[in-house]
Structure formats: C-alpha cells, structure tokens
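**Student:** generate a structure from the sequence data that follows.
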Amino acid sequence: MPSVLIVDDEANILSSLQAALGREGYQVDGAGSLAEARARLSEAYDFVLLDVSFPEGSGLDLLAEIMGGAPETVVIMMSGHATIEAAVKATRLGAFDFLEKPLALERLLVLMRNASRTLMLAAETRRLRAAWANPIVGRSKAVQHLLREIERAGPAPARVLIEGEHGTGKELVARALHAASPRREMPFVAVNCAAIPDDLIESELFGHERGAFTGATQARRGRFEEAHGGTLFLDEVGDLTPRAQTKLLRVLQEGELSRLGGNRTIRVDVRVIAATNRDLAKAVQAERFREDLYFRIAVIPISVPALRERADDIPLLVEHFVAQVARETGRRPKKFAPGALEALARHSFPGNIRELRNLVERLVIMSPGAIVGAEDMAAVLPRAERAPESPARISEAVQDFERRQIEEALAAEGGNMTRAAARLGLERSHLYKKLKKLGGREG
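**Tutor:** Predicted structure coming up:
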C-alpha cells in the first residue's frame, strides 16, 4: 500500500487524517513539527501532506528539501490561510497541489489516486525507454527464434521462465515480454534473488511491518506490492531459500500475501517472469527446488542463446556497443579491423554479451588509434585465446589465479560470501560454483 506522511502541528487534524487515510488502506505516519518530519523523512514516502505554517518555520522550506532529495514524492500542501502567493510558490517548488483547510476527504482521495496513476505512468515510460535503449541486437537464426517467442508469449498472461547463462541478457528479454504485454503501462519491477542475503529476501519480496525484526523501524512494501498490476521479474530464482520458495508458491496460488510481522492479507495482481542460469529441472530432482513451484513458474520456458551460439551477431553487437560507449563517454567511435573481429569470433565468451560489452568499452577507451586492430585485441583477450598450445598448463594457471583472487576477496570480507562475490563482480551463485569447481568451501 502507498505510504503517507502527514505533517501538521494541529493534533486534531493530524489524528483525523491519519485515521481516515488508514481506513482507505494507506500506510500512514504523522509528524507534529518540521523537526519530527525531517527525522521521519529519512525513510521514503509516496505522499507527504504538508501544512504551510508552523511555529518554527515554513512548510515551503521543507517542500524544497523534499523536492531536492526525493523529487518523485507527491507533496500536497495544506493551509487554513491560503494565499495566491503561497500557492504559486508551492507549485514552482514542485508541490503536486495546494488544498485549503478544512480538507474535503473525498477530494483529497481522488487527488491522491490521480497522482498515483500519473506518476506510475511516468515512471513506467522512463523504465521502458531505458529498457529499449539497449534493444535485442542480432540477425542470427537463434535471435530471430528468440524474438518470435517473445512476440508470442508477451501478450499472454502466463508465467515465463527464462533460461540462459550469465550475461546473455535475460532481463532484457523479460523487459521485452513486459513491453509486449497488456501490462506495459504498469510497473516492471526487477529483483536479483542471488544478490539479496537469505535473511532479507522475504522482506524484499513480501515487505514487512514495523517491528517485524531488529532494525524494522518502518513498515515497508515488498516488491510484489510495488509490481501490483504489472510484472515482477525474479532473476536467479533458483537461489531462493526453501522458506522463500514456499511463500512465493502461496502468492502464486492465492494471489495474496502477508508482510513479515503482519496478519493483514494483501491482494496482489502480478505477472511473474522468472530467470535462472541453473538447470531447475535437475534442482527439482535433487530436491533443492520445489517441484510444485517449478511447474508454477515454468508455464512457458524461453531459452536465451549463449553468444557462442550466435557468433554471426558479433560484428553487429560490436558496432552497437561502440556507438553506445561513444555516446556515454563523449569519444569518437572507432572501427574494428577484420582481424580484431576474427579474434572475437574465436573467443569462447564465458561471460557472453556482458563480457563482449566490457571488452568493447575497454578497447574504445584504451586503444590508441582510430581503428582497433588484431594486436589491440591480443592485449585484452585471455591468454588461452591467444596461445592455444599447452591447454592443460594454461587451464591450471587460470585456476590458480582464480583461486588466489577468491581467497583474497574472502579474507578481505571476513569470510562473507555475499560481500566477497560483490567485490569480485560475480553473482553469489556463480561464486559458489567456482569454489566447488576449484575445490574450495561451498558454505
């Protein structure tokens, strides 16, 4: 539910508005002074109802502070002695509207609903523009097949499981599915399940009430509530804890949830699109993932091809990334010589599209000439790509290097796997796999 902070030094107005908005389903807090309001605004609120006059100062000053730090907040000014000058100044500072006291509750509720709708559409427009600023580039058969699947699955209400290796662009596929759906005007909310500590994942997904756990000083909506009416993208869904899997299954079955520490049932209408780099069918057989949840999320499976399966697209992708990096850095675009493109085509790209993008950015910035040649490429590609002889010795050297890097990161982070993975630029699940492959610990 949307959160509201009411700031008014008149106790009767404060209590009556809190009660009225609470009955309408809003999560409401109150502040009787500007100082108390500033303390509460360390937390984010969707709405602030703000009086103009206070014994210690003007609410317009607080309005300016809110707009400077959280311009997406809807601030509605209130005054029992409204003047045209105050209303004009409030509007220029960013207030959504200006109401005279005594407030007409029905008008206030209509105003808040309209504000929510307007801001939701604006936010979603920005999200969709950001999503399609990086379109799915490629003409290979594998990409054409992927685009046809998106075109067919997008308009359907069915849940989708996107499967693919790290760095293949699974979130881009999810955003394309959302943009092709009837929910395109509603929120798209992305959650990386592997990047959230196990003890926080339930709060992140389902929200929590004040006092639900140590440090929960404010109630908080979860990602399901934020995605209400739209799409929730659960990346690396295979990393969910057994308890979180059980709660997710209930939400998918019943269409409702309860926040941590709360008893109130909240209805949600969300299309779930999940993604994984794991083989979830094997995880089900190994009893690491719930079978009933797997069948709930994998109604339509879509596989995203690895870059080595669409090597014909590398020249197009290089051209796309060169233009993108040039725009971002203000540099002149560079050409990649045929020898450089051939070297890329021979590379196995374990990091897929993400790795290619990083290589292009490095070369655009660091190569001295206007043309990136084979010698520039040889300086950045892994040694195994440049010297195929002695593969066993090279593999052993690479493993030794990786082992040292992981050990140093774990030591620097006091053995914390999540922070060590972040330091190394890896997903936590990827770090576990590397440790297992290298003979290190798994827990």
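
**Student:** buried set for stretch 286-297?
**Tutor:** Neighbour counts over stretch 286-297 (16 or more other Cβ atoms under 10 Å) mark Phe289, Arg290, Leu293, Tyr294, Arg296, Ile297 as buried. Any C-beta I mention is one placed from the backbone N, CA and C, and that applies to glycine too.

**Student:** how long is it from one end to the other?
**Tutor:** 18 Å (Cα to Cα, to the nearest Å).

**Student:** can you give me the offset of that stretch from its chain's centre?
**Tutor:** Centroid separation between stretch 286-297 and its chain, computed with Cα atoms, centre = their mean, to the nearest Å, is 24 Å.

**Student:** can you check stretch 193-202 too?
**Tutor:** That offset, for stretch 193-202, works out to 13 Å (Cα atoms, centre = their mean).

**Student:** contacts for that stretch?
**Tutor:** 204, 234-241, 243-244, 247, 260, 418, 422, 427-429 (Cβ atoms under 8 Å, 6 or more residues apart in numbering).

**Student:** buried residues, that stretch. List them.
**Tutor:** For stretch 193-202, by 16+ other Cβ under 10 Å, it's Cys193, Ala194, Ala195, Ile196, Ile201, Glu202.

**Student:** kindly report the same for stretch 99-118.
**Tutor:** Leu99, Leu103, Leu108, Leu111, Met112, Ala115.

**Student:** thinking again about what came up before, in strands, which of the contacts of stretch 193-202 fall?
**Tutor:** Using DSSP state E, the subset of those located in strands is Leu234, Asp235.

**Student:** buried ones among the contacts of stretch 193-202?
**Tutor:** If you count burial by 16+ other Cβ under 10 Å, the buried members of the contacts of stretch 193-202 come out as 204, 234-240, 244, 247, 260, 422, 427-429.

**Student:** out of those, list just those in helices.
**Tutor:** Glu204, Ala244, Lys247, Ala422, Arg428, Ser429 (DSSP state H).

**Student:** which residues touch Ala44?
**Tutor:** Here Ala44 is in contact with Ser3, Ala70, Thr73 (criterion: Cβ under 8 Å, 6+ apart).

**Student:** can you tell me how far it is from Val318?
**Tutor:** 40 Å (Cβ to Cβ, to the nearest Å).

**Student:** what ranges do the strands span in the stretch 101-250 of the chain?
**Tutor:** Remark: strands assigned in the stretch 101-250 of the chain by DSSP state E, counting those that start in this stretch are 160-163, 188-192, 231-235.

**Student:** what comes into contact with the shortest one?
**Tutor:** Spelled out, it's strand 160-163. 153, 170, 173-174, 177, 237, 273-277, 280, 297-304.

**Student:** now find how far off-centre it is within its chain.
**Tutor:** That offset, for strand 160-163, works out to 17 Å (Cα atoms, centre = their mean).

**Student:** now stretch 16-23
**Tutor:** 32 Å.

**Student:** show me which residues of that stretch are buried.
**Tutor:** In stretch 16-23, counting by 16+ other Cβ under 10 Å, buried: Leu17, Gln18, Leu21.

**Student:** ok, the residues you listed vs Asp313, which is closest?
**Tutor:** For those, the minimum distance to Asp313 (Cβ to Cβ) is 52.7 Å, reached by Leu21.

**Student:** quick one: low-confidence parts of this structure?
**Tutor:** 1, 82, 119-134, 383-402, 404, 425, 438-443 (pLDDT under 70).

**Student:** quick test: name the residue nearest the centre of it.
**Tutor:** The centroid of the chain falls nearest to Ala190 when counting by Cα atoms, centre = their mean (3.8 Å).

**Student:** could you list every residue that touches that one?
**Tutor:** Here Ala190 is in contact with Glu171, Ala174, Phe233, Asp235 (criterion: Cβ under 8 Å, 6+ apart).

**Student:** got CSV for the buried residues of stretch 99-118, with distance to Ala64 too?
**Tutor:** Putting these into CSV (distance: Cβ to Cβ, whole Å) gives the following:
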residue, distance to Ala64
Leu99, 19
Leu103, 23
Leu108, 23
Leu111, 21
Met112, 22
Ala115, 19
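
**Student:** most widely separated two among the residues you listed?
**Tutor:** Among the buried residues of stretch 99-118, Leu103 and Ala115 lie farthest apart (Cβ to Cβ), at 15.0 Å.

**Student:** who's in contact with the residue nearest to Ile314 when sequence neighbours are not counted?
**Tutor:** Excluding its sequence neighbours, the residue lying closest to Ile314 (Cβ to Cβ, 6 or more residues apart in numbering) is Leu344, at 5.3 Å. Counting by Cβ under 8 Å, 6+ apart, Leu344 touches Ile314, Val318, Phe336, Leu356, Leu359, Met377.

**Student:** now do the contacts for the second one.
**Tutor:** Spelled out, that is Val318. Phe336, Leu341, Leu344, Leu356, Val360.

**Student:** same deal with Val52?
**Tutor:** Val52 touches Ser58, Gly59, Leu60, Met77, Met78, Ser79, His81, Ala82, Ala86, Ala90, counting by Cβ under 8 Å, 6+ apart.

**Student:** which ones among the residues you listed map onto helices?
**Tutor:** Per DSSP H, these map to helices at Gly59, Leu60, Ala86, Ala90.

**Student:** skip the chain neighbours and tell me the closest residue to the last one.
**Tutor:** When you say that, I think you mean Ala90. Here the residue nearest Ala90, using Cβ to Cβ, 6+ apart, is Met77, at 4.6 Å.

**Student:** if I look at that neighbour, how far off is Ala39?
**Tutor:** Taken as Cβ to Cβ, the span from Met77 to Ala39 is 20 Å.

**Student:** and the end-to-end length of stretch 161-178?
**Tutor:** End-to-end distance (Cα to Cα), stretch 161-178: 13 Å.

**Student:** what about Glu100, distance to Ala64?
**Tutor:** Distance from Glu100 to Ala64, by Cβ to Cβ: 21 Å.

**Student:** follow-up on the earlier one: closest one of the ones in helices among the buried ones among the contacts of stretch 193-202 to Gly138?
**Tutor:** Out of those, the member with the shortest distance to Gly138 (by Cβ to Cβ) is Ser429, at 26.5 Å.
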